[in-house]
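J.: this one's structure only:
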């Protein structure tokens, strides 16, 4: 009986534990919050990332440690890696925590990216903006997720406001990309280097937070092999083990790497019901050194995120081939509290399902771009 | 946030909790064993069925109580029903606990059954055997499952041995049915009376314990509507709420009701991956008064039971569209410790998969009857 330790006890840890339990795998979650939602389905060790007494105990009790949250301090990951197996490895975690290191690596291994420059002062920001041009986006190098720590500059007049908004944190200025669409590769790499990707996923964001996903992404026959090759090169460069996401912008013929997430990813939640093996199951398999499961999708799937609070479950529960996910968290603005996945045999059936659910939930705006993409599929 | 209480903390409670967690439902399991396997995924209240202090606490903490184990004393169920909602209701539980009451009800509502007679003494057994004829099976009226509490009589010479084997427990003598095949209806009934059944499942037993299941059962177009009608009539007669199983013998044109299980059932485990909504999810939905999920199967599915100990997981994990279930229990002869489900688009693909896995695991005998049935599908 193996035990997987998870640093962070949010919905990703919860879904990892739910996916691993059928395989007979036990979990131990570390989180400083008593109400961490993963604790409803797995034992919780209450500790923060600097509580090395508790982490020693944790390391002794698990066969491998992994992450629900990419902003676990890299120092903590390195400290743990001297005491137990840690997957993904601390270097992969550290690089993905620093937008500058991440984009620099993307370039080194031949992934196209939006133009970017490091920015450590107000003057550097002004210079970088002149070189990259407006509009562009100033982002903190660290601790950004779901659109947090970002400021969009429309012109040089925004330099002061942007710099003040980031409060002097080390930053990166990136060219704003007028993308045609956003896609993500959800992929998994095993200890022995085997690499598998789920079908490419198309994503829509609202206020910087994922709003909806569609998989397999329509019209991706030419795009997917390039995207998978990018993801594979990245995983190999990092000697990555586990599931990860690579977010890409598609601009005409160009595919630009935006960012990676060194963990299971919101845009891969559709794999729970939509693929033979989910991103969660395969992450658990990978970090334990088990054979990878089948990443094939069966049919076509859309995921709608519930941010802030949950809509009425009954409209979703009453719909055929709809799957409700309530993370067991309390409502809070901007917080991911659940999602639903809608499955269908073809695009027309899925569009019909989304249209009905969008209407019943008063979420027409959320389903509209997905339905539009399906209409062209 | 609703809480479902489960009496009994075995693999059925475990799979109920795993199916309900995505819906945001919490669980509380009652079991007297500290190592009850459901306690790995849900909180455990350690108590036996007569610990009314603990059961009072349990009743206060749950929105509805249900069963992992049909042999919870009916008195306990009735006591609980005065304090919280209990689904299925205590009468349904009591009837299914008594083979005589169960078969009598089957007859009353028009379900054909094997011939049976109540047997309360050695003389009654001898008389019953003369009326029913040999071979026949003497079964305890209560506390039988997985072939326990049964004795097969080949002739009148077996009367003494049979009676001694049952140690004087109230019993029922049933005609042995030379069935062509065994099938089960897995069905669910909602609070509002809505009834749904999963596709008919064909089953094979070894030593009285389920060994393999196949769904949808081949050549069941004529059979399934009759079987579903039987199950529906039974559920309505019992005002049943939740998932249940009705086991049937098929003998030529006759369909004979063997027994019911007032709970999710081993022959419905394939629904976890094989149906849109599993028997576990729909049981949870039903007992909480939520809309029922879609019971359609996607493709064709076989389930192999692991009894006593687990075979090598790797051979299953390496197979596409194979799903491993390890209940987290220790090995013990005759104990159900896990299962695997194999999914395919058609019978030929499934037969191929089972043949490969049967060979790899040294389980050719277990897969052989399923492959034979698929060859005729």
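T.: On my side now, so go ahead. Note that the coordinates shown come from a computational prediction; the quantities given were computed from them, not determined experimentally.

J.: in chain A, which spans are helices?
T.: A:11-20, A:52-61, A:74-81, A:90-96, A:99-108, A:122-132, A:159-165, A:223-237, A:271-274, A:279-287, A:313-317, A:347-361, A:364-375 (DSSP state H).

J.: now those in JSON lines, with distance to chain B and mean pLDDT?
T.: Bear in mind the C-beta positions are built from the backbone N, C-alpha and C, glycine included. Formatted as JSON lines, the helices of chain A follow (distance: least, Cβ to the nearest Cβ, whole Å; pLDDT from 0 to 100):
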{"stretch": "helix A:11-20", "distance to chain B": "6", "mean pLDDT": "98"}
{"stretch": "helix A:52-61", "distance to chain B": "14", "mean pLDDT": "97"}
{"stretch": "helix A:74-81", "distance to chain B": "24", "mean pLDDT": "95"}
{"stretch": "helix A:90-96", "distance to chain B": "24", "mean pLDDT": "95"}
{"stretch": "helix A:99-108", "distance to chain B": "32", "mean pLDDT": "96"}
{"stretch": "helix A:122-132", "distance to chain B": "43", "mean pLDDT": "94"}
{"stretch": "helix A:159-165", "distance to chain B": "36", "mean pLDDT": "89"}
{"stretch": "helix A:223-237", "distance to chain B": "18", "mean pLDDT": "97"}
{"stretch": "helix A:271-274", "distance to chain B": "8", "mean pLDDT": "98"}
{"stretch": "helix A:279-287", "distance to chain B": "7", "mean pLDDT": "98"}
{"stretch": "helix A:313-317", "distance to chain B": "5", "mean pLDDT": "95"}
{"stretch": "helix A:347-361", "distance to chain B": "12", "mean pLDDT": "97"}
{"stretch": "helix A:364-375", "distance to chain B": "20", "mean pLDDT": "97"}
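
J.: CSV please, covering the ones you listed and showing mean neighbour count.
T.: As requested, the helices of chain A are exported to CSV (neighbours: other Cβ atoms under 10 Å in any protein chain shown):
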stretch, mean neighbour count
helix A:11-20, 27
helix A:52-61, 16
helix A:74-81, 18
helix A:90-96, 22
helix A:99-108, 19
helix A:122-132, 16
helix A:159-165, 16
helix A:223-237, 19
helix A:271-274, 25
helix A:279-287, 28
helix A:313-317, 19
helix A:347-361, 18
helix A:364-375, 18
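
J.: Report how many residues lie close to residue A:219.
T.: Residues within reach of residue A:219, counting by other Cβ atoms under 10 Å in any protein chain shown, total 14.

J.: how about JSON lines for the helices of chain A, with distance to residue B:245 added?
T.: Putting the helices of chain A into JSON lines (distance: least, Cβ to Cβ, whole Å) gives the following:
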{"stretch": "helix A:11-20", "distance to residue B:245": "25"}
{"stretch": "helix A:52-61", "distance to residue B:245": "39"}
{"stretch": "helix A:74-81", "distance to residue B:245": "46"}
{"stretch": "helix A:90-96", "distance to residue B:245": "47"}
{"stretch": "helix A:99-108", "distance to residue B:245": "53"}
{"stretch": "helix A:122-132", "distance to residue B:245": "65"}
{"stretch": "helix A:159-165", "distance to residue B:245": "61"}
{"stretch": "helix A:223-237", "distance to residue B:245": "43"}
{"stretch": "helix A:271-274", "distance to residue B:245": "24"}
{"stretch": "helix A:279-287", "distance to residue B:245": "27"}
{"stretch": "helix A:313-317", "distance to residue B:245": "23"}
{"stretch": "helix A:347-361", "distance to residue B:245": "30"}
{"stretch": "helix A:364-375", "distance to residue B:245": "38"}
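
J.: Let me know how buried residue A:263 is, in neighbour terms.
T.: 27.

J.: Please name the residues that touch it.
T.: Applying Cβ atoms under 8 Å, 6 or more residues apart in numbering or on different chains, we find residue A:263 in contact with A:12, A:66-70, A:88, A:242-245, A:283.
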